[in-house]
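Novice: Quick one: sequence and predicted model below, then my questions.
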Amino acid sequence: MAESPLLSVRHLSVDFLMQDGQKGHALEDVSFDILQGHTLGLVGESGCGKTTTLMAIMRLLPASARITTGQVNYNGQDLLSLSERQMRDFRWKEMSIVFQGAMNALNPVMRIDEQIREPILLHHLMTSSQAAGRVGELMELVGIPKERASQYPHEYSGGMRQRAMIALALACSPSLLFADEPTTALDVMIQAQVLELLKGIQEKLGLAIVLVTHDLGVVAEVCDSVAVMYGGKVAESGSIDSIYNTPQHPYTERLLQSFPDLNRPAGDLASIPGTPPRVTDLPPGCRFEPRCYKRIEICATTAPPMLETSPGHRAACHLCRGPVSSY
Amino acid sequence: MFGAFLVTTAVLVAITAPYLSPYDPSEVIRDANGRGMTFAPPSVHPPLGTDDAGRDVFTQLVHGARISLLVGFMAGAIAMFVGSLLGILAGYFGGAVDTLLMRVTDILLVIPDLPLMIIMVATVRNMELHISPLAVLVLVIGLLYWTSSARLIRSQVLTIKERQFVARARAIGAGHAHIIRKHILPQIMPLIVANTVLILSTAILVESGLAFLGLGDPTQPSWGTMLNFAFSRNAITNGAWWFYLPPGLAIVWVTLGCVLVGNVLEETLNPRLAIHHLEDESRMVARRPEAPDSG
């Protein structure tokens, strides 16, 4: 058997209770694995459940959301069965998040070094004088000059804030890092720097990273494997090479075509007509059916099973052939 | 600035009361023949005249400042503490906690304060618990005047707890106590400070009102108690304006000071209050140049 995954998510479903009493299915039957030291890209349009997946794993969903089924196994431990107290000890020590939009995730009235120190002291990992040294190390690691450590978030530029956020995420030396669109709202140069930084840190510390993004270019550059999400489900997952070279799901195919290719810049970009379904109003069959250009009759009525089209490559489409996936 | 001056002088007077006046508040001032000077008009000596029993009004006034301010500050502090605590709990935890606390608040808001307080003070006194009447006043005012601050703080907490850095604090494994202490409280502290000053003025006013109605401590007269004496001993019909005017003005002095300070604090801590959003558009957004074809 292959190396056992660091984190494996199985059949995770999350329901939201809406204000008007309706139920929204934000996630349905989401499954994927992350190996130690690997990077998984979680891609998809806005509102397809990427962030919800992360929050469900960390058990930080809002009160209106409920995890209905599924397991989240971290190193053989089922996170969903832990008590809130145990979970609290677990957060940040084992897995941490680089939030989308660092400005909002940093407390505006706390100095940066204080915020980085906060989780270390909270988990009683070090005395406060040791923690000060650790903050210095982390600052150096992400490339923030020491003399700026005691400034407030508003005195930082966007890229520096993101670096500070990464330093904060690494404070307790987690084994798994969730990066929730770490490069949105940054300009291209800074984006590249931040990605470079994440890659460098991963090499140095051997972290596993889940990178949530809708930028396929970023995924191609840093990820080992990809899970494409659509409408709260995983549409297709597999290694980076097989997904980019032989996409099986029409959604992935279209998504890849809608991305500019430097090698043939003249071609028109494809677009996918329509918008992703709302969580309260999901199509009865395949989630992508209303927008799919390859749809057949069965798509409108029956949700496709997850098929293993080649070893390690899974897709949920009626047009694919292969044995039903083991998960 | 002016407000701060008013409040500071009042506090200074209260602190230095025994040094400002040569008399004891209950001492009867006698003329050369040894007769008590009743309702003596202001003169060099005594500076603010005397009351019906020949006691110096100025001495009572400066000593009264101690009682009025002490009761007001303590009641205000209790009200603010209770209000902040309940506001934070209701806003942060939401759900059933919120509903319960806010319904209690609603009930207290709906019942008219004054009759309720009169009844409470009278009842507590009748129970003969051997608590000083001033302590009763402090508790009753403090435990009834937290409602508006609780609502204000709750609404602010509601917006702050949805901010992402609070979610981040949860993600680093922080418990509720830690989040409230480190992330919520510093954000609402300006509001609490500004509100405390405003609550102080209310507490002082309410204390004066209750004392005027005879619910103060006659052995430790506050400004309200002085007004009560003046009223019940016919100072008004006797034309002894020096008996009732000074405590009245003193109350205005302090409450006005508190309100001014409170408003300044509020505006400084929340600059958006300085301009009303409908008032003066030109100060808020740069005016768009007029289109050339208009007119």
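Specialist: Done, it's in.

Novice: Around chain B, pick out the residues from the stretch 51-200 of chain A.
Specialist: Residues of the stretch 51-200 of chain A lying close to chain B by CB under 8 Å from any CB of the partner chain are A:58, A:60, A:63, A:88-93, A:96-97, A:99, A:101, A:104-110, A:118-119, A:122-123, A:168, A:171-172. Just so you know, the C-beta spots here come from the backbone N, C-alpha and C atoms, and that holds for glycine as well.

Novice: Among these, name the buried ones.
Specialist: If you count burial by 16 or more other CB atoms under 10 Å in any protein chain shown, the buried members of these come out as A:58, A:60, A:88, A:90-93, A:96-97, A:99, A:101, A:104-107, A:110, A:118-119, A:122-123, A:168, A:171-172.

Novice: Okay, and which of these map to helices?
Specialist: If you go by DSSP state H, those have A:58, A:88, A:90, A:104-105, A:118-119, A:122, A:168 in helices.

Novice: Report the two of these separated the most.
Specialist: The distance between the two most remote of those (CB to CB) is 24.0 Å, for A:Phe90 and A:Asn104.

Novice: which residues of chain A fall in strands?
Specialist: A:7-17, A:23-34, A:39-43, A:65-74, A:77-78, A:95-98, A:176-180, A:208-213, A:225-230, A:233-239, A:307-310, A:313-315 (DSSP state E).

Novice: As JSON lines, these with mean pLDDT would be great.
Specialist: Putting the strands of chain A into JSON lines (pLDDT from 0 to 100) gives the following:
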{"stretch": "strand A:7-17", "mean pLDDT": "92"}
{"stretch": "strand A:23-34", "mean pLDDT": "90"}
{"stretch": "strand A:39-43", "mean pLDDT": "93"}
{"stretch": "strand A:65-74", "mean pLDDT": "91"}
{"stretch": "strand A:77-78", "mean pLDDT": "90"}
{"stretch": "strand A:95-98", "mean pLDDT": "92"}
{"stretch": "strand A:176-180", "mean pLDDT": "92"}
{"stretch": "strand A:208-213", "mean pLDDT": "92"}
{"stretch": "strand A:225-230", "mean pLDDT": "93"}
{"stretch": "strand A:233-239", "mean pLDDT": "93"}
{"stretch": "strand A:307-310", "mean pLDDT": "90"}
{"stretch": "strand A:313-315", "mean pLDDT": "92"}
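
Novice: Buried deepest among those, which one?
Specialist: strand A:95-98 (a mean of 27; mean count of other CB atoms under 10 Å in any protein chain shown).

Novice: if I pick B:Gly54, what's in contact with it?
Specialist: B:28-30, B:36-38, B:40 (CB atoms under 8 Å, 6 or more residues apart in numbering or on different chains).

Novice: now those: which count as buried?
Specialist: Among the contacts of B:Gly54, the ones that count as buried by 16+ other CB under 10 Å are B:28-29, B:37-38, B:40.

Novice: follow-up on the earlier one: sort the ones in helices among the buried ones among the residues of the stretch 51-200 of chain A next to chain B by pLDDT and name the bottom one.
Specialist: Minimum pLDDT for those is recorded at A:Asn104 (85).

Novice: in chain A, what residue sits furthest out from the centroid?
Specialist: Most distant from the centre of chain A: A:Ser129, at 33.9 Å, with distances by CA atoms, centre = their mean.

Novice: remind me which residues of the stretch 151-300 of chain A are low pLDDT?
Specialist: Counting by pLDDT under 70, the stretch 151-300 of chain A has low-confidence residues at A:261-267.

Novice: Mind doing that once more with 80?
Specialist: A:184-185, A:259-270 (pLDDT under 80).

Novice: quick one: the helices in it?
Specialist: A:158-170, A:188-205, A:216-222, A:240-245, A:250-257 (DSSP state H, counting those that start in this stretch).

Novice: what's the answer for the stretch 51-200 of chain B, then?
Specialist: B:57-93, B:95-110, B:113-126, B:133-144, B:147-161, B:164-171, B:176-179, B:185-210.

Novice: Out of the ones you listed, which gets nearest to chain A?
Specialist: helix B:164-171 (3.9 Å; CB to the nearest CB).

Novice: elements contacting that closest one?
Specialist: Using 3 or more CB pairs under 8 Å, 6 or more residues apart in numbering or on different chains; DSSP states H and E, the elements in contact with helix B:164-171 are strand A:95-98, helix A:102-105, helix B:176-179.

Novice: quick one: that helix to helix B:147-161, angle?
Specialist: Using axes from the mean of the first three to the mean of the last three CA atoms, to 10 degrees, the direction of helix B:164-171 lies 80 degrees away from that of helix B:147-161.

Novice: Check what contacts helix B:164-171 and list those residues.
Specialist: Residues contacting helix B:164-171 (CB under 8 Å, 6+ apart): A:58, A:60, A:91-92, A:96-97, A:99, A:101, A:104-108, A:118, B:160, B:178-179, B:182-184.

Novice: mind running it again at 6 Å?
Specialist: A:60, A:91, A:97, A:99, A:104-107, B:179, B:183 (CB atoms under 6 Å, 6 or more residues apart in numbering or on different chains).

Novice: same check, this time on stretch B:137-146
Specialist: B:71, B:74-75, B:78-79, B:82-83, B:117, B:120-121, B:203, B:206.

Novice: and with 7 Å instead?
Specialist: By CB atoms under 7 Å, 6 or more residues apart in numbering or on different chains, the list of residues contacting stretch B:137-146 from outside reads B:71, B:74-75, B:78-79, B:82-83, B:86, B:108, B:113, B:116-117, B:120-121, B:199, B:202-203, B:206-207, B:210, B:215-216.

Novice: Whichever of these end up buried, select them in PyMOL.
Specialist: If you want just the buried ones from these in PyMOL, going by 16+ other CB under 10 Å, the selection is:
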select buried, chain B and resi 71+74+75+78+79+82+83+86+108+113+117+120+121+199+202+203+206+207+210+215+216
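
Novice: ok, so what distance separates the most centrally placed residue in chain A from chain B?
Specialist: Compute the mean C-alpha point of chain A, and by CA atoms, centre = their mean the closest residue is A:Val212, 3.3 Å away. As defined by CB to the nearest CB, to the nearest Å, A:Val212 lies at a distance of 14 Å from chain B.

Novice: contacting residues around that residue?
Specialist: By CB under 7 Å, 6+ apart, the contact list for A:Val212 reads A:42, A:50-51, A:54, A:179-181.

Novice: same check, this time on B:Asp52
Specialist: B:Asp52 makes contact with B:38-39, B:233, according to CB under 7 Å, 6+ apart.

Novice: give me the number of residues near the nearest residue to B:Thr105 once chain neighbours are set aside?
Specialist: When the adjacent residues along the chain are set aside, B:Thr105 lies closest to B:Thr147, with 4.9 Å between them (CB to CB, 6 or more residues apart in numbering or on different chains). Per other CB atoms under 10 Å in any protein chain shown, the neighbour tally for B:Thr147 reads 22.
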